[in-house]
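what's the 3D shape of this:
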Amino acid sequence: MDALARPHAGLVRDLGRQPYEPVWRAMQRFTDERGDDTPDELWLVEHEPVFTLGQAGKPEHVLAPGDIPVLHVDRGGQVTYHGPGQIVAYPLLDLRRLKLGVREYVRRIEQAVIDTLAEWNIEGQRRDGAPGVYVAGAKIAALGIRVRRGCSFHGLAFNIAMDLAPFARINPCGYAGLQVTAMLDLGGPASLDAVKPRLLDHLATGFGLRLRAAPPPPWASPASQVA
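Numbers count the residues shown, from 1 in each chain. All right, here's what the predicted structure looks like:
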């Protein structure tokens, strides 16, 4: 049955600002340990600067990392950048329970971003063969996902108000010369907190979730969280 037809409870956790690797390892553990009745969760995080290469990522797409670390991770896709001023959303969903295939799952994430952008009169678009969301040809949101035992992890990186210069040190998503943009540069808000609730609303609608706020897990040190 379609996710929209059977809303179900889920948890949302805002982790604040965190280094990448502990969150990645926690997603793996959550996915490996969850059972048939484990509630779906949606994690929001703002990462410290890092370049990540997907499973099939080619090192030659990392042109000049400089002082930014590079991690080879287990999501799909090539190389991208995470850093302050970007909302990263990790939907930890049981796709079997939602009766969703991977293609439809990706489409619903993209639609949530497109609908969020529309609230600030910014027109987001899909591009055939290149997952993510684009504005006037420039990428504003990147997708990199993994599905294990029918459950999703990794997810979405949405540029809000960030220094885009590190993207020039890579071929974003494996495309030389791909332009990137952020909401602030398109007349959108400078605050992640202005965008988060709208993005959450659209993700919840897309996946039929009734979200309830939950505290960050114990491994997410409060000292490293940024409001």
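
got any ranges where this protein has weak pLDDT?
1-6, 221-227 (pLDDT under 70).

and stretch 177-190, how far from the chain's centre?
Distance of stretch 177-190 from the chain centroid (C-alpha atoms, centre = their mean, to the nearest Å) equals 16 Å.

and what of stretch 39-56?
Using C-alpha atoms, centre = their mean, the offset of stretch 39-56 from its chain centre is 6 Å.

can you give me the strands in this protein?
Using DSSP state E, the strands found in the chain span residues 8-18, 40-47, 50-53, 70-72, 79-82, 86-92, 133-135, 138-148, 151-159, 209-213.

how about a markdown table for those, with distance to residue 30 and mean neighbour count added?
Using the backbone N, CA and C atoms, a C-beta is placed for each residue, glycine as well. Listed next are the strands of the chain as a markdown table, based on distance: least, C-beta to C-beta, whole Å; neighbours: other C-beta atoms under 10 Å:
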| stretch | distance to residue 30 | mean neighbour count |
| --- | --- | --- |
| strand 8-18 | 10 | 18 |
| strand 40-47 | 7 | 22 |
| strand 50-53 | 18 | 22 |
| strand 70-72 | 19 | 13 |
| strand 79-82 | 19 | 25 |
| strand 86-92 | 6 | 23 |
| strand 133-135 | 26 | 23 |
| strand 138-148 | 11 | 21 |
| strand 151-159 | 7 | 24 |
| strand 209-213 | 16 | 14 |
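
in CSV, list those along with distance to residue 169.
Formatted as CSV, the strands of the chain follow (distance: least, C-beta to C-beta, whole Å):
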stretch, distance to residue 169
strand 8-18, 21
strand 40-47, 16
strand 50-53, 8
strand 70-72, 10
strand 79-82, 8
strand 86-92, 15
strand 133-135, 21
strand 138-148, 15
strand 151-159, 15
strand 209-213, 35
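
how about the residue nearest in space to the middle of the chain, what does it touch?
For the chain, the residue sitting closest to the mean C-alpha position, by C-alpha atoms, centre = their mean, is residue 156 at 1.7 Å. Going by C-beta atoms under 8 Å, 6 or more residues apart in numbering, residue 156 touches 87, 88, 89, 90, 91, 109, 113, 141, 142, 143.

for it, which non-adjacent residue is closest in space?
residue 89 (4.6 Å; C-beta to C-beta, 6 or more residues apart in numbering).

where's that neighbour relative to residue 22, distance?
To residue 22, residue 89 is 17 Å away according to C-beta to C-beta, to the nearest Å.

could you do residue 200 as well?
Residue 200 is 22 Å from residue 22, by C-beta to C-beta.

out of the two, which sits in the busier spot?
Each of residue 200 and residue 22 has its neighbours counted (other C-beta atoms under 10 Å); residue 200 has more, 21 against 14.

could you measure from the more buried one over to residue 144?
For residue 200, the distance to residue 144 - C-beta to C-beta - is 20 Å.

circling back to that earlier point, bridging residues for the residue nearest to the centre of the chain?
residue 89, residue 143 (DSSP bridges).

wait, what's in contact with the residue nearest to residue 156?
Counting by C-beta under 8 Å, 6+ apart, residue 89 has contacts 42, 43, 44, 155, 156, 158, 199, 203.

how about TSV for the residues you listed, with distance to residue 97 added?
Below are the contacts of residue 89 laid out as TSV (distance: C-beta to C-beta, whole Å):
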residue	distance to residue 97
42	15
43	18
44	22
155	18
156	20
158	25
199	22
203	16
